[in-house]
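Chemist: model this:
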Amino acid sequence: MQRKTTEIRDTGIRIPDICFGTSALGNMPETYTYEVDEQRAVDTIKSILTSPSPFIDTGRNYGMGRSEERIGKAIKELGGLPEDVVISTKLDRNMETLLFDASEARRSIDESLEALGVSSVDILHLHDPEHAADLEPVVKPGGAIDELFKMRDEGLCKAVGLAAGNVDVMMRILKARDFDVLITHNRFTLVNSNAEKMIDMAVDRNIAVMNAAPYSGGVLAKGAGAFERYVYQKASTEMLAPVYAVEDICNKHGIAVGAAALQFSLRESRIASTICGVSKPGRVEETFDWAEQEIPEAAWDELLQLARDPRDPEANREYKPG
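Modeler: You can find the predicted model right below:
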């Protein structure tokens, strides 16, 4: 089934409404609680690249480079990039010193292109500036952001974006520079609305919005009973209460919670693409199944009446890369 696409400004890039995130495919057990070996990752990437939505999102620090390396291996085994594939990756800080200046941005893109086995990417984001040791080298003239825009001028990417978590930091940066696209994650879901104002601002400025982690780190896909975690951290019963409320409604109407969580994002006109993390080939097909599952309006009426937390869901998260 052909997916709906949206053009990013005048870049010539058309992105489908579903994108597949590959952080877990870099083997990040500290974040996801499980291991993903290379063969499983490569098989999953091949499933994505040959799917009706061949749009893949990665980043330099996902698995300390393993995500991009495994994507590069899959591309090589396929004999090159299939037609219409869109690749999105991210510039990252030095993960040892946390320095994020122009030189680190340049190191990051050089390593990404080598790992992926490509000469350029479609979309290149500045990633997680809030986790840098100091924000000043990121935003100052001649800093990491200036280097990102220089990379677009050099043809290393077609569109530039900002991908981060903290909405306050993101809005400060977005107001100062003219990005083509942004990624928000965990902050526009069935249970959280933290990114609402930023999304409105982006749409007003013709910045394409990519909404990542519609399953709140996995719990809205796997179920609170099987996966007692919320946005990559152990969750209390109180933290999971909004998830239980969503599950009750979905169970009442006989629909998959994952389908409701995904379609909540897909049906939103302000969202150009929803980034769904997958960790095995079967999850790719399951994503398309959930996207097409019929959800009655009565279920939406109840789901949309639920209170969504406007606070930052990761405010108390202990961040552990890997």
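
Chemist: for stretch 124-141, which positions count as buried?
Modeler: 124, 125, 126, 127, 128, 129, 131, 132, 135, 137, 138, 139 (16 or more other Cβ atoms under 10 Å). All C-beta atoms are positioned from the backbone trio N, CA, C, and that covers glycine.

Chemist: same check, this time on stretch 57-71
Modeler: 57-63, 65-71.

Chemist: again, but for stretch 282-294
Modeler: Within stretch 282-294, the residues that count as buried by 16+ other Cβ under 10 Å are 283, 284, 286, 287, 288, 290, 291.

Chemist: That one - what's its average pLDDT?
Modeler: Mean per-residue pLDDT for stretch 282-294: 98.

Chemist: Can I get that stretch in PDB, CA atoms only?
Modeler: Once non-C-alpha atoms are left out, stretch 282-294 reads as follows in PDB (Å, rounded to 0.1, in the frame of the first residue of the first chain):
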ATOM      1  CA  GLY A 282       8.000  -8.700  12.100                       C
ATOM      2  CA  ARG A 283       7.600  -5.300  13.700                       C
ATOM      3  CA  VAL A 284       7.800  -3.600  10.300                       C
ATOM      4  CA  GLU A 285       4.700  -5.400   9.000                       C
ATOM      5  CA  GLU A 286       2.900  -5.000  12.300                       C
ATOM      6  CA  THR A 287       3.400  -1.200  12.000                       C
ATOM      7  CA  PHE A 288       1.600  -1.200   8.700                       C
ATOM      8  CA  ASP A 289      -1.100  -3.500  10.100                       C
ATOM      9  CA  TRP A 290      -1.700  -1.100  13.000                       C
ATOM     10  CA  ALA A 291      -1.800   1.900  10.700                       C
ATOM     11  CA  GLU A 292      -4.600   0.300   8.800                       C
ATOM     12  CA  GLN A 293      -6.600  -1.200  11.700                       C
ATOM     13  CA  GLU A 294     -10.100   0.300  11.800                       C
END
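
Chemist: neighbouring contacts of it?
Modeler: With contact meaning Cβ atoms under 8 Å, 6 or more residues apart in numbering, stretch 282-294 is reached by 1, 18, 20, 44, 47-48, 51-53, 255-256, 258-259, 262-263, 266, 276, 278.

Chemist: now that stretch, how far from the centre of its chain.
Modeler: 18 Å (Cα atoms, centre = their mean, to the nearest Å).

Chemist: go on, stretch 229-245?
Modeler: 20 Å.

Chemist: State the phi and psi torsions of residue 7.
Modeler: When read as degrees, to the nearest 10, the backbone of residue 7 gives phi -80, psi 140.

Chemist: Could you give the number of residues near the closest residue to residue 310 other than its chain neighbours?
Modeler: Leaving aside its sequence neighbours, residue 310 sits nearest to residue 193 (Cβ to Cβ, 6 or more residues apart in numbering; 5.1 Å). By the criterion of other Cβ atoms under 10 Å, residue 193 has 16 neighbours.

Chemist: The stretch 101-250 of the chain: helices as residue ranges?
Modeler: Taking DSSP state H, counting those that start in this stretch as the test, the helices found in the stretch 101-250 of the chain are 102-116, 136-139, 144-153, 167-176, 196-204, 219-222, 237-253.

Chemist: So which residue is dead centre in this protein?
Modeler: residue 212 (3.6 Å; Cα atoms, centre = their mean).

Chemist: That residue bridge partners, please.
Modeler: Judged by DSSP bridges, the bridge partners of residue 212 are residue 185, residue 275.

Chemist: close enough to count as contact, it and residue 187?
Modeler: No: using Cβ atoms under 8 Å, residue 212 makes no contact with residue 187, being 9.2 Å away.

Chemist: Output the below-cut-off pLDDT ranges for the stretch 201-322 of the chain.
Modeler: Regions of the stretch 201-322 of the chain meeting the criterion pLDDT under 70 are absent.

Chemist: all strands in it, in order from the N-terminus.
Modeler: Using DSSP state E, counting those that start in this stretch, the strands of the stretch 201-322 of the chain run over 208-212, 229-230, 233-234, 273-277.

Chemist: Quick one: list the elements packing against the first one.
Modeler: Put plainly, it is strand 208-212. strand 181-185, helix 196-204, strand 273-277 (3 or more Cβ pairs under 8 Å, 6 or more residues apart in numbering; DSSP states H and E).
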